[in-house]
Each structure stands twice: as C-alpha cells, then as structure tokens.
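Asker: Below is the sequence, then the predicted model.
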Amino acid sequence: MSQATLRIQKISAHSGTVPGEDTQRQYQVCKLVDTTTCIGCKACEVACVEWNDMPFSPTAFGNTYQTMPETRWNYWNLILFNEHEREDGTLQWLMRKHQCMHCAEPGCLEACPADGAIVQYTNGIVDFQQANCIGCGYCITGCPFNIPKFNNVTKRMYKCSLCADRVSEGLEPACIKSCPTGCLHFGSKDDMTELAGIRAKQLRDHYGYDKAGVYDPPGVGGTGVIYVLHDATQPELYGGLPSNPSIPLAVKFWKHPLKWLGNIAMVGGLIGLFVHYLKFGPKAREEADLAPKGGA
Amino acid sequence: MDASRRDFLKVATVGGTAAALFGFDLKPAYAELRRLKIARASETRSTCPYCSVSCGVIIYTLGDGAKNVTKQVVHVEGDPDHPINRGTLCPKGASLQQDILNERRLLKPQVRRPGGTDWEDISWEQAIGEIAQKVKKTRDDTFIETDAAGNKVNRCESIAFTGGCTDTNEFNYLVVKAMRALGVVHIENQARV
Amino acid sequence: MTNGWVDIKNADMILVMGGNPAENHPCGFKWVIEAKRNRNAKLIVVDPRFTRTASVSDFFAQIRVGTDIAFLGGLIRYLIENQRYNKEYLVNFTNAGFIVDKEFKLPEDEGVFSGFDEKSLSYNRATWNYEGSGGKPAAAKPGQPAGLPGLPERVDFDPTLQNPRCVFQLLKAHYSRYTPEMVERVTGIPREKYLQACDLFTSIRKDGDTKKVATVIYALGWTQHSFGTQNIRTAAMIQLLMGNVGRAGGGVNALRGHSNIQGATDMAGIFDNLPGYLKVPIPADGSFEGWMKRITPTPSKPGDWASFNYWSNTPKFAVSLMKAFYGDAATKQNEWAYDYLPKVDRNYSWVNIWDNMYNGVVKGLFAFGMNGVMIGPDSNKNIDALKKADWVVVGEIYPDETSEFWRSPGITQEEMKKIQTTVYRLPCAGFAEKDGSFTNSARWLQWKNAALPIPPGCRSDQGIVAQIFLKTRELYQKEGGKFPDPILKLTWAYTNPSDPSLAEVLKEINGKTFADAEDPATKQQIKAGQQVPSFAWLKDDGTTSSGNWIYCGAYTEAGNLTMRRDPADPSGLGVHPNWAWSWPVNRRVLYNRASCNVDGKPWDATRKQVWWNEGTQKWAGVDVPDFKADSHPKDHMGPFIMNPEGVGRIFGPLGAFADGPFPTFYEPVESPVENNLLHPKQRHSPVVRRYKTPDDKYGSVKDGYTVICTTYRLTEHYHYWTKNNPMNVQLVPEPFVEISEEMAAEMGLQGGERIKVSSARGAYIAKAMVTKRIKAMTIDGKKTYQIGIPIHWGYRGIAEDEGKTAKTPVNLLSPTVVDPNAYTPEFKGFLVKVEKA
C-alpha cells in the first residue's frame, strides 16, 4: 500500500495520546467553494466518481437538476440545487457543492467508538479508515452535515477523503481541479480564508449582495471547506446548510465524561457492533436511497 | 516511513506505550492511504472531443509504453498547461475515461440486408467491396453531365455525405476531396445544424 | 468567434443571448467569470429560461422564444437615441455614412424591403445598393439569380451621418418603431426591465467613454431560427455601433456547438463552399475564369479611402486548391481541371438531403459520426426518407438511431421486411485512438495525439473513407463509367494510401510551392518542394498548391505548428501566440486594426493589441495585425479587409443576405402570435419556404397548438453520445420536459408525472419538471406558455435499452423550416400542445 506522507493528529477512540502529536508542522488545507460562481455543472461530481473509481449508482428523476437527493456511500460530492424567489421577485437558482466539511473538530471522529476508524491528519483532512471501521454508524449522529454513509455490503462507512491520496502526493483534490469556473479553490486555510473574504467584499461592493459573507462555522472549530454565500445570514437556503452547526450534545456528553471508556477499545467496539445491529439489523438493501425526493 | 494497514495499529500501540512511558511520542502515526493510481501511468496530451472550447486533456494509460503492454485508459483529467481550460473539465470531459473504455462500443462491421430484421456480421473487405460497387452503380445511373441550358454540371445528386462534429480537419479534407471528385453535391455536416 | 475564449476575460460587459455557455461550454465560460472576478464585469443574460448561465448573471430577462430581433432592434434604437455609440468608429470603420440607392425602401408596415417578388418568394436585390459610380456584376449564391448590378467602385458618403439616405439615418428610421412599449408587447419583457437592460449594456459608452468594451456571446439559440443569420447580424451591428469589434474583450462570439464544426465549416463540409470559404462554382459560370470573375470582389468605397479587399486574391486560393486536389492534372490549359468540380445551382443543404431522399433523388447516404435521425428536424421524416434509400453507410463508435432506423419504435416485423435499404455499420476509432487536428471556436487548430490503439475490429475513419474511395477508383479503372477523370486523377499520394497519415494530410492542406519563390518585400526565399509559409505566397499560376488557404501556415517548414504547446502570454491579454496555431496566420483577434482609433492609437492603452509604429512605419502588436502591415493610418484603409468596402457592414448590400439588408423582426414560422406587431402586414420572414412532403406538417394556434416549445442541451450530456456513458447517465438519468409552475397548476400536474407533448408532426413523452425557472409570459396582453425539452434521448442508449424511456426523439416535434441564409433549421421555437400522458 501507499507510503503515507500525511501524519495523523487525531484518532477516533484511541487510548492515550496520538503518537507523534505536535512533532510536525503542516499547513491546514482548505477547499473554498464560492457558491456565487457555481454553475451547477457537476464536473466535481464526475471527477470525484471517476478518480475514486466509484461503481455506478442508479439514479431516478426527481423533478430537479440535482443528481440524487443526498450523498451516498459511493457518491461523496453532490451539487444541491435550490430555486429561491427573493423579495423583489427575482429568482435565484442556488447551487452548493455538498460534501464532507472536514471540520477542525470533527463530530464523526468524536462519536466514533472504533480505534483508528476515523483520523484527522495534521493538514486537517478527516479520513475514514475502513479497515478499522466497525460500521456502527455513530459517526452519523456526530455529523451535523449528514455526511457519513453506510455500505450495506462491506458494512463500513464512507465519505469524501478530500482526495488524501492526491493531496499526499502534492496534487489538488479531483473536484477542485475539474471545476470549470474556479468556484472551487484549494490551498491553505489562511489563503482560502483571505480569498473568500476578498470575494465576499467584492460581492458587497460591486454586485449589490449586501449580506455576502463567508461560511466557516465556529461550532465545529471551523471547517476545511468554506463557502462564500450571496447571503451569509441565510445558509439554510443553500440546501439546508446549518447556520450554526455543532457536535450534538449527546455525542459530547457521552463521549467526554465517559472518555476513559475509550481506553478499552474493545468495549467501544462491542457497543458499536450492538448499536449497529439495532440500527441496521441484518443485511438490508439501501433502496430508500433511490426514491425521488422533492426540491429543485 | 512505511505504514501499511497493519502497521497503523502497531504504530498506534507502540506509540501508546511510548507515550505511557515518556508522556509523549516522537514516532508519528500514519494511516493507510490509497496509492496514487496514476503514479506510473503514461500521459498522452489530447483534445476533448465534445464542445468547441477544445479543452486540453491528459489521457493516462496503463503501463509505461513497453511493447508487451496493451495500453488501457485508467484516468483522464484536464491539461493544466492548456491556456483555455487550465486543467479544468466539465462533467462530460471528466467522464471521458468511460467514453474511451465503454462496453457499448461497436467492434465489428455489420450489415442489415434489404428486408432484414437483424444485423449480420460482414468482413471489412466484403463491406468495402460492396459499398464501392453501390457507390459506382448509383453514380453511374444518375450522373448529370449537363443541365437543361447545356451548361456542364458534372454532378452526382444521388449520394449524400453527412459528416459529424468530431471528425478531424484532415478527415474532413479527405472527405471533401474524395466526394467532390465523385461529383457529390449533397455534402453536409453537423456544422450546418 | 471574432475573438477567443481567454479573451473574454478582457470584457467589461458581457451579453449572453441565444446561448447558454455555462451549460454548454463550461470551461470557456470560466473566462466570463474571470472578467467578473477581476474587472467587476457585468453579465446580462436574456433567454427563454432561467439557465445555469442566468444563475450567475447580474441581470436576467426572460424573453419569448424567437423575438431576439425585437429586443436587439430596440437596443439599437436606445443606443442611438442616448448616443451610446462610438461616433469616430462608426463614421470611419463602418458603412454608416454610405449613401443608399434612392429606390431602396424600408419594410415599414408592409414588412418587406424593396424588390420583393411574391411569386418566387424572393427579392430582386438590385436596390439594396450604395449610391455611387463604377462597379461590376455582383456574386450570387447557388440557387439565387445571378446578374445583379455590382457595388459601385466609388461610394457616395456623408461623414456627418446627416444625409437622410445614409445608412445611419435609414437604420434610425428602421428601428424607430422598436420602442420599449413595442418590445414589451412582442418579447414579453416588461418595459422598465427592458430599459434597465438597455441602459446597463450600453453604459460602457456613457458620456463618450470609448475605453470600455462589451462582448456578445451567442450560440445555437440564435442560429436555429428562420431568421437566425439576422439575429446574429443585429448583434454585429450593435457591436459596430458601439465600436466593440476588433477589440480585446469585444467582438461577436459564436460558440460553436461541437469540437470541430468550426473546422468542418472551414474545410467546407457543407455544400455551398469549397475549403477556405471559396464559393462553389455554378453552371452559369461557364469557365474557371467566369467562376473567378463572379466570386472575386472589387473594392467599393468612398473615393479617398483605401480598401485592402483581401478577397481580390481569390484566384490564387482557388488555383492552389485545384493543384492540391488534382496536382499535375490541373493545368492552365484545362482551366485547372475546372470541369472536375461539380457545379451547384440549388440548395443541397441538410434538410434538402432528407427531402431529396424522401423524394427519391438521394439514394445512398454516408453518415460518419452524424446521427441524422436524432438531429432532425422532423425525425419521422428522416426515418421515412431512409426507408426509401438504397443504401446507407454509417461510421460510428456506438449503436445509433440512424443505423437502426429500420427498427425504430413503431415499426413492426412485417413492415421491417418491406424496408429495402441496405445498411452497413462500420466501427470507427474513438477520439483517443486517432490523431489529427480540431479547430475550436476561437479558430485555434490543435493537434491531438492518439493515446491508445484502435480496438481490434475497428478501423480509422480516414482509413475507411480512403479504402472506399480507392476501391471505387479501382472499379472505374477496371470497368470505366461515367466521367471517371476526376476520380482517376485525384491526388492520393499518401505514404499509406489506404490509411493516410493525418500529418501528411495537414501538410497537403497547408500547401507547398513547385517553384523557387521570393517575397519582394522581405527578400525571404522558399525553394521548390517546400511548404509555403503563409497564404501570402500562394499564386494563381499553378506554382503553388494549398488544400485550404486559410490553414496555410499551419504546417510549414518549421513543422506542425498545431502541435505547439507554449502557454506563455507575454501581453497578459490571453493571446498565447505560441500555443497551437490560429487561422488566419496565427491571428487571435480578427479585425484587430479596429482596436485603434483612426490615427492608429489603441482605444484603451491598458488593452493594447496592435498599433501603428511611426518609427518603423508599420503596424505592430502583441497579436498579428489584421491589416496591410505598412498601410499608414492617413491612407484611411478600412479595418474590415475581407469586405470590398473595407468597413463593417451595418447595411448588408446586394447579395449579402436573402432576407434584407437590415434585420427585421418576423414571427417564427410556428408562432402563437397571429400578427407581427412591428410589421403588421408580414407575419413570417417573406422568403422562408415550407417543405411539401406528406410528412411536412405545420401547426397553428387554431389547430390547438398554443404552447411554445424550445429545445436545448444539458451540461451533463453531449448530444446523442453520452447516453452510452454510465457516469453521465447517472447525472441525468431520464428525459424530461421543463414547464412552469403556473402551467402545471392549470393542468393539475405534479413534477415527475408523465406528459405528452405533441406538434403537428409527432408526439414526445417524458416526465414533467415543474420549475420556477420558466414563467408564463404576457405577450401582447395574452398569457403565453413556453416549455423546454432537452434533446439527449432516443431509442438506443443505456436508459433506452433498459426500457426507462418512451424512446421518442425530441426532434419528432421540430419542423422542417430553415433560415434562408444559413439553411439552419428552426429547432428553437415551434408550437405544441401538452397533456397528461
């Protein structure tokens, strides 16, 4: 397997400290998504599917240009389309690239009971290690963005890896590279934050979007994916982007006071397995995924 | 540092022990990463066949071009040097790998005979021989040398050539040359529609 | 495109109309976004639908399908009234001050210009001329009457633009009726909104500013109408009035729909041209000389101006073409093998192929990568035509509808047995398996390399055509036959004749010299047998050959320049002079002389493209000047060197257009509006004809066809090709019809329900997509609905083969009606009725 160059800074359900913690300096990577220049072309969707060799996943007509209602275990990256009529009667067709936000404080990692199933590299990428995943689905409850998805055959969880294989080799993620309009941009978190700020200011100064701003929610410690929005006061318009996401209290509550439990990985694993069984039961097909859903 | 799937836990465990002993650990943790699938693939610069932007694409093929390898496409992505697309692609360009390697490709000449209800296989030689004969017969049967006013027209109105959008300039030139030589006037292309 | 993709980044104002580049040219559209990001440029989108281009626009107006000339005519009126034009440019670089023939009449209420003949539905265009003296008979298009008077050699001219018979005053009078109120009634765009659009677009010329630039971007939304050419002309006129043509960030930019149809047009894959836009000979030409006399223009201009009149070189290009085709068999004695060229005196364009096949004239069809059944118009007619053909040869990489017309939906086994057509389906090579050059919309020729071998069983496209040709030639050699000379004597001296190397072919296209030659100005010499460096070296004495004069310079002694890969852009204007090769002579922006004022100084010093260098007494620049290099500005040579006038044509004289020297609003052939509000006595274009086979039916409101339907592509799919590609099928799995919420409510329809859309010609069944992005419109006080259908599905494809669609091609609906100039069908606006299926 690959010679990894990405060091880990956080490990799910790991006993003791993270080996090598604070021994390496690496800049935080970040995706900037400028929704005001997104044309919803879905190049990023295809680039993701193609690069990651995802198998074909059937879709059905859903009265929208959106490929499917939500991301899937084998479809990590989805443009959400929303038609929005403004008060002045003009129409906005809002498009937002929806994918793992690579939170600085990842709820999924926090909630995960399996040692090493979810890691955060020192560059900020949050990655699932399917080899260590027990398929319990706890990460789902920890995620305020509804990202981790379960594969019924492998019984593992999947999500966007921020193309860690490419990034570790010095390449940008596949989605970033493909984006025709440059609505996607990749670089250090500092640089992306600055770029986003400049763009939001331009939108306010020259294009009449008084409420344009940057979405980088503090509730999860900031994110490795930040958005420029026409109206930063209403992120919900963009396909339900939560205005103030945070790790659910339940996860915090049961993880932190009971953190000692994490030292005994087996326990976590057992609980995970049990919960997984309760949640998913024995083998079942994920057909609900295919049903069309409203929206535009 | 080599960090395989198994090593991960080992590293973590060893790290844990070290941390327990010394309070911190200098040996960093790594996770397994998918290997870059194009690391040793061959690159060919090409042009996307879809719209008129003509984006530069890089076609990554299996192997290093050695004689004993049948090339196969593993990945296609935008050419970052190309002044227009600068590495970007649209959802059609980004799926070119599946256009090149597609199970629906036609792989043998076929003919549908008059009154036929299905395709029949035909050899290339047979097909080209039959087509040439039909071209000649159709042309000879209908060739117009002069019009009503006695002007020379030397044209063949009974054969039409319709060319597609992804035909190269050189192909189009050969077509125009050959078809005009046959006297063909019904020459049209996607360019019209 | 007059300009190029990257050049769009230099624009201050962008009008997208009749196009949807965000969806159809996403990677080119990035330069629109760059202009917005880096120059605070504004994007105006006018479209029947709120498209993905509209989603990132700064101003959107929903327009009724097919009313663009009303919109743009009103814009001309607005910019004249508010002096938002560039007066210096207008007077010196256009024919605005040219005086027009006394007998010429504007259409007014009658709706027809002077010279209309009701019987033949055509114009005698003699009065569409300038006043002046001298001249010779003008060129005619195939099928149109020859023998018109020519343009006068010296044109009467009024630099003050005050003469009531000058082009500018006639223009003003013509569009005076295109008031904002009228535009609202015709297009459905409310007056206030319309005026905002006019003000925004012309704001770059506010207070006499001549620095800023606007571009106009269009595509098939303008061409696919019975007045398509005039849609584009109106835009060109606006750009000339505002002085935007020839400038970085300006121009009139056609976004061609496919990878190499610019190249196919250049190479004359169309009936009425030979390579390099040489007009085909007509029977009446009689001789090579007669042909040249007809198609070689002579200058026509105000007395003290100069005109380069580059087409005066036509004989050099034509003789060189004949030498490329026929080599030694083309001699001065046999008039360069003039007899070998077929003579064309009627319309053999796309829809006529199918009409003539239906009527038994066309018996054999080659279709290489061209899916005629799907492309339409009127797919059923095309299927019926194919049933009558003797033989069809299809070269394809996927199973397509045209090769399987004999088992299209609805044909029974019994009927199938009666279809006598022989169909050969030959598997070709995919794009990645062959090399060769494509010419993009910006006229860049780019070489592509083959990445993979051709799959076993398939053959290269050029190999197939070569083998068919050589086999046919062999038969003529053996058996003789009708007029075999052109077949036997055609040059085919490729190293591998049955599978020619495309690099060799490009060398032939570029051309070479058979004799040593010297350029008198530079003393540069070339030796016999060498490639010619540019078309300036071509001769009409048979000592040079060139398969396409405009591609001359692509493959010189310096090698294959289309392979160049230097991305450098020293000027920062997006010129990239050493990336690939651009026709003509590697020039990136056409008419770039017009980027300077009369004195040869750039209108905007921050976007300097070319300029007059007083020191060297030459034009210099970061791009190749589109001009006579040593023509001093005081000579007043016009920047539009391909026109005999040397100036841009606001008035299109004589044979330039079949339907009028000024664009005039006409209703589409199928329109819900009974009257032409602007020209009440002429509803449709007077020169548009209907076709007459039993399949050619046309619908009207009184037959219940009240809804306007338009067709288009989606960004996720490519015509009829990606329906074979799982990744694209995944993105948009099924066909659909976009309809407004209001219309759906009226029909009691939910999104996802199946609906049937019928025209006079056929029915289409798909699911409804109910959306806010298409709204009901008020047209002259009446509520009018528009719907839209993407074109991508037929009866062969992944979804089709899985039985997920109704297998109805959209073009079952569209009518056989064409633009009288470009012969492009009216796919973009026709009438339908809609019901639940």
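Answerer: Received, thanks. Residues are numbered from 1 along each chain as shown, chains lettered A, B, ... in the order given.

Asker: Now whatever residue of the stretch 151-296 of chain A ends up closest to chain B. Its backbone dihedrals?
Answerer: For the stretch 151-296 of chain A, the residue closest to chain B is residue A:165, as judged by CB to the nearest CB, at 4.2 Å. For every residue, glycine as well, the C-beta is placed using N, CA and C. Note on residue A:165: backbone dihedrals following degrees, to the nearest 10 are phi -60, psi -40.

Asker: how far away is the closest residue to it other than its chain neighbours from residue A:168?
Answerer: Leaving aside its sequence neighbours, residue A:165 sits nearest to residue B:34 (CB to CB, 6 or more residues apart in numbering or on different chains; 4.2 Å). Note on residue B:34: its distance to residue A:168, by CB to CB, to the nearest Å, is 9 Å.

Asker: Which single residue in the stretch 701-837 of chain C comes nearest to chain B?
Answerer: Counting by CB to the nearest CB, the stretch 701-837 of chain C gets nearest chain B through residue C:727, at 3.9 Å.

Asker: could you say what helices and strands whatever helix or strand that residue lives in packs with?
Answerer: Using DSSP states H and E, residue C:727 falls within helix C:726-731. Here helix C:726-731 touches helix A:43-51, helix C:798-801, going by 3 or more CB pairs under 8 Å, 6 or more residues apart in numbering or on different chains; DSSP states H and E.

Asker: Buried residues, that helix. List them.
Answerer: C:726-731 (16 or more other CB atoms under 10 Å in any protein chain shown).

Asker: still on that earlier bit, got a list of what the residue of the stretch 701-837 of chain C closest to chain B touches?
Answerer: Applying CB atoms under 8 Å, 6 or more residues apart in numbering or on different chains, we find residue C:727 in contact with A:46, A:49-50, A:56, B:91, B:94-95, B:98.

Asker: Quick check: chain neighbours aside, which residue is closest to it?
Answerer: Nearest to residue C:727 is residue B:95, by CB to CB, 6+ apart, at 3.9 Å.

Asker: Please enumerate the strands of chain A.
Answerer: A:8-11, A:29-34, A:78-85, A:91-98, A:118-121, A:126-128, A:149-151, A:156-158, A:184-188, A:213-215, A:225-229 (DSSP state E).

Asker: for these, which one ends up most surrounded?
Answerer: strand A:118-121 (a mean of 28; mean count of other CB atoms under 10 Å in any protein chain shown).

Asker: Give me the sheet partners of that one and which way each runs.
Answerer: strand A:8-11 (antiparallel), strand A:126-128 (antiparallel) (DSSP bridges).

Asker: Tell me the secondary structure at the residue nearest to residue C:253 when sequence neighbours are not counted.
Answerer: Once flanking residues are discounted, residue C:253 sits nearest to residue C:1: 4.2 Å by CB to CB, 6+ apart. At residue C:1 the chain is in coil, as set by DSSP: H, G, I helix; E, B strand; the rest coil.

Asker: My understanding was that residue C:1 contacts residue C:245; is that so?
Answerer: No - using CB atoms under 8 Å, residue C:1 is not in contact with residue C:245, being 11.7 Å away.

Asker: In terms of neighbours, single out the busier of the two.
Answerer: residue C:245 (30 against 25; other CB atoms under 10 Å in any protein chain shown).

Asker: Using the three-state scheme, assign the residue lying closest to the more buried one once chain neighbours are set aside.
Answerer: Leaving aside its chain neighbours, residue C:245 sits nearest to residue C:239 (4.9 Å; criterion: CB to CB, 6+ apart). Secondary structure state of residue C:239, per three-state DSSP, is helix.

Asker: and residue C:239, how many neighbours does it have?
Answerer: Neighbours around residue C:239, by other CB under 10 Å: 24.

Asker: now residue B:99
Answerer: 27.

Asker: what residues are up against it?
Answerer: B:49, C:430-431, C:721-722, C:724-725.

Asker: hang on, residue C:269 packs against residue B:177?
Answerer: No - between residue C:269 and residue B:177 there is no contact under CB under 8 Å: 11.6 Å.

Asker: What distance do you get for the residue most central in space within chain B to residue C:434?
Answerer: The residue lying closest to the centre of chain B (CA atoms, centre = their mean) is residue B:100, at 4.7 Å. Shown here: residue B:100 relative to residue C:434, a distance of 12 Å by CB to CB.

Asker: With pLDDT, neighbour count and distance to residue C:588 added, can I get the contacts of residue C:727 in CSV?
Answerer: Listed next are the contacts of residue C:727 as CSV, based on pLDDT from 0 to 100; neighbours: other CB atoms under 10 Å in any protein chain shown; distance: CB to CB, whole Å:
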residue, pLDDT, neighbour count, distance to residue C:588
A:46, 98, 31, 31
A:49, 97, 28, 36
A:50, 97, 22, 33
A:56, 91, 13, 42
B:91, 98, 31, 28
B:94, 98, 33, 28
B:95, 98, 27, 30
B:98, 96, 22, 34
